[in-house]
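In: sequence below, structure please.
(chains A, B, C and D)
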There are 2 protein chains.
Amino acid sequence: MATIKDVAKEAGVATGTVSRYLNGIELKKENRVKVEAAIEKLNFKINTIARCLKINRTNTIGIVIPDFTDIYSTTIVRSMEQKLYEYGYNIFVCDSWGSLEMERDKVEILVQKLVDGLIIYPCSDDISHLSRARENGLPVVTIDMAVKDFECDQVLSDNINATYKAVEWLIANNHKRIGIINGQVHRFTSGERLRGYQRAHEDYSLKIDRLLVKNSGYGETSGYESLIELMKLKDPPTAVLACNYYTTVGSVKAINQLGIKVPEELSLIGFDDLGLSEVVKPALTVITQPMEEIGRTAAELILSRINGDYHDFPTVVRLKTGFILRESARRY
Amino acid sequence: MATIKDVAKEAGVATGTVSRYLNGIELKKENRVKVEAAIEKLNFKINTIARCLKINRTNTIGIVIPDFTDIYSTTIVRSMEQKLYEYGYNIFVCDSWGSLEMERDKVEILVQKLVDGLIIYPCSDDISHLSRARENGLPVVTIDMAVKDFECDQVLSDNINATYKAVEWLIANNHKRIGIINGQVHRFTSGERLRGYQRAHEDYSLKIDRLLVKNSGYGETSGYESLIELMKLKDPPTAVLACNYYTTVGSVKAINQLGIKVPEELSLIGFDDLGLSEVVKPALTVITQPMEEIGRTAAELILSRINGDYHDFPTVVRLKTGFILRESARRY
DNA sequence: TTGTACGCGTTATCAC
DNA sequence: GTGATAACGCGTACAA
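Out: Numbering: from 1, shown residues only, chains lettered A, B, ... in the order given. Sure, this is the predicted structure:
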């Protein structure tokens, strides 16, 4: 692999001259031509590693998500990448496999690879490993998770009002027994989404039957099993709210298997308008999160911090969710 | 940020000694204790960039896929990551946005970041940019794409027999007008999948009606529109084969919208057993690709090449596909 | 404008 | 074993 020295020798100039050429500084035409010829001839490529070592920047943002195959995460990542690429940054995406240990490991790897910033979708509310990252002067932005005991920028959906609006709609449409299929209690978004469910009940003086509250996890299997359990109750719900995309998928699976008619026998409200929604029959009513906006916002925040703009640090951005009424929910 | 020199000074030893300690070489107990104390005290972290510059390896594999949100791709990536991580390699995943120009750009970035190998899911059959990567001694493995005019390892599904088996099943079950919704003709997998369709027709002396062959693209919209066009024909098909996951999704959408009864009025065979298959009603009959195996195989190949094992170079691995019979296809 | 010398943090190679 | 020192490839002063 040809180095900058080889190019300099070939062109008969000094290495500094080549370096300046590479950095877009104008040189004497004569030299420029020679340098260009040498680069072409030797098929020279700049060695990014050496450059990074020198300037102590990599123009790379590390991103950690719990699962590469989770379309909610990847949709956000895609939007981040678009924004960051625009500003000359690349992304280094890691998968924590939903494990805290792995997450720590990946963060460590990213820090050692000298990324210029870290955007993380934590898989738990233990983010003690992030403080070490920040000690190295690394900006950190979290997604989908409010973090205590650690100052950093955060981008969140307005989870509380998301479920509040959905439950409110159901109550307004005469539903009184509303099931909720939620993530585990210790997860941040689960807590908020449950909170919205509770608030709507409070505000309309409706009592919550604890049997209608499921929180075994955000996975497809959890959604599937929870829905079956709900419908096996002596007094089953007339409507069910699934609190993320995969519990929605699991719920639909269970509904199909049980042969339940939607919306005649059960109203279903899902989460995130991703692929499935319009494909299943009847089309799903869903709560939507602004995924592109989440990604873009996180990208913009990290870019600000990298550029030393800390005037609004730390910022917590709450993004509004939507509600798309389709056929799977109706008046009871 | 503390450097190895600081540690050496703090411990009162030479930098080489610290380096040897970091690389797991045993030192005199006395020195080991001093070095460990110094590392702890200074919160020293090894500088990966500097190390890479020296040893000329990054322990990182670059991966380029057409779309972060494409679950077929990410499932494969996940399986690659699992294997590579096991061997101490990280992955650097890039999204080509389905554009050749972007793909070139991303490959260039990866080469400059000095990844140790490149696994690529090309978005077209123009892979001229890969030869440059290989000139730098970089092993290249392609996924999902047979490549001409360029020697490299390739991991492919057995596309021809995949569609052959599906069409054969349909023919054996008395279907004579079989529609196919395929990717664009210039795409490699499309060509092969069409070939399987054709061969099955040949082998059973069935003539192909050109009107039944759609090839407007692998996207959801293409699938949606193609299915509608097929069903609008004077003599519509009795069965339709969608040739990737997204055309399958689009087809299901169209079927729901048109109110077509499956399998009574139309048999549908989809591609890839991903999420959707068991959620829609009736459950989808699908051709499956061994995604985990594709990822694992590609990872193993690149690891071999990195370790200098070229005894079977270049290798083309053809992996067998499966066929899951569910409710969406039946005897005509 | 151009050329030179040095620094970045680590590893490898010598002598000791 | 250990210590000193020369690489690795690039950027950047500073002097010419």
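
In: A:Glu265 and B:Pro282: what is the separation?
Out: Per C-beta to C-beta, to the nearest Å, A:Glu265 is found 19 Å from B:Pro282. All C-beta atoms are positioned from the backbone trio N, CA, C, and that covers glycine.

In: which of the two has more neighbours?
Out: With neighbours defined as other C-beta atoms under 10 Å in any protein chain shown, A:Glu265 and B:Pro282 compare such that B:Pro282 has more, 16 against 13.

In: residue contacts, the nearest residue to the more buried one once chain neighbours are set aside?
Out: The spatial neighbour of B:Pro282 that comes closest, neighbours along the chain excluded (C-beta to C-beta, 6 or more residues apart in numbering or on different chains), is B:Glu327 at 3.6 Å. B:Glu327 makes contact with B:263, B:282-285, according to C-beta atoms under 8 Å, 6 or more residues apart in numbering or on different chains.

In: rerun at 7 Å
Out: Applying C-beta atoms under 7 Å, 6 or more residues apart in numbering or on different chains, one finds that B:Glu327 lies in contact with B:263, B:282-283.

In: name the element the most centrally placed residue in chain A belongs to?
Out: Note on chain A: the residue nearest the mean C-alpha position is A:Ser73, at 4.3 Å, using C-alpha atoms, centre = their mean. Assigning secondary structure by DSSP states H and E places A:Ser73 in helix A:71-86.

In: and that helix, does that touch chain B?
Out: Yes - contact between helix A:71-86 and chain B is present through A:71, A:74-75, A:77-78, A:81 (criterion: C-beta under 7 Å from any C-beta of the partner chain).

In: by mean pLDDT, which helix or strand of chain A comes out lowest?
Out: Across the helices and strands of chain A, mean pLDDT, DSSP states H and E gives its lowest value to helix A:128-135, namely a mean of 82.

In: from the contact counts, what lies against it?
Out: When contacts are defined as 3 or more C-beta pairs under 7 Å, 6 or more residues apart in numbering or on different chains; DSSP states H and E, helix A:128-135 packs onto helix A:100-112, strand A:140-143.

In: among the ones you listed, which is the most enclosed?
Out: The highest mean neighbour count among the helices and strands packed on helix A:128-135, using mean count of other C-beta atoms under 10 Å in any protein chain shown, belongs to strand A:140-143: a mean of 25.

In: which helix or strand lies directly C-terminal to it?
Out: The C-terminal neighbour of strand A:140-143 among helices and strands, as given by DSSP H and E, is strand A:153-157.

In: run a quick neighbour tally on A:Trp228.
Out: You called it Trp, but residue A:228 is Ile. By other C-beta under 10 Å, 16 other residues sit near A:Ile228.

In: from A:Tyr197, how far out is it?
Out: Distance of A:Ile228 to A:Tyr197, given as C-beta to C-beta: 20 Å.

In: please name the bridge partners of the spatially closest residue to A:Glu81 that is not a sequence neighbour.
Out: Distances taken as C-beta to C-beta, 6+ apart put A:Ile91 closest to A:Glu81, at 5.2 Å, once the chain neighbours are dropped. On DSSP bridges, the residues paired with A:Ile91 through beta bridges are A:Ile61.

In: does A:Ile91 really touch A:Ile63, like I thought?
Out: Yes - under the criterion of C-beta atoms under 7 Å, A:Ile91 is in contact with A:Ile63, at a separation of 5.4 Å.

In: who has more neighbours, these two?
Out: A:Ile63 (31 against 23).

In: state the mean pLDDT of the helix holding A:Ser73.
Out: Across helix A:71-86, the average pLDDT comes to 95.

In: which neighbouring elements make contact with it?
Out: Checking 3+ C-beta pairs under 7 Å, 6+ apart, helix A:71-86 ends up next to strand A:60-65, strand A:90-95, helix A:291-306.

In: among those, which is the most enclosed?
Out: The highest mean neighbour count among the helices and strands packed on helix A:71-86 belongs to strand A:60-65 (a mean of 26), with neighbours defined as mean count of other C-beta under 10 Å.

In: report the inter-axis angle for that one versus strand B:90-95.
Out: Interaxial angle of strand A:60-65 relative to strand B:90-95 (axes from the mean of the first three to the mean of the last three C-alpha atoms, to 10 degrees): 90 degrees.

In: give the contact list for the residue in the stretch 201-332 of chain A positioned nearest to DNA strand C.
Out: Of all residues in the stretch 201-332 of chain A, A:Ile306 sits closest to DNA strand C, with a separation of 19.1 Å (C-beta to the nearest atom of the strand). Taking C-beta under 7 Å, 6+ apart as the criterion, A:Ile306 is in contact with A:116-117, A:139.

In: make TSV from the residues you listed and add neighbour count and pLDDT to it.
Out: TSV is the format used below for those (neighbours: other C-beta atoms under 10 Å in any protein chain shown; pLDDT from 0 to 100):
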residue	neighbour count	pLDDT
A:Asp116	20	91
A:Gly117	24	94
A:Pro139	24	93
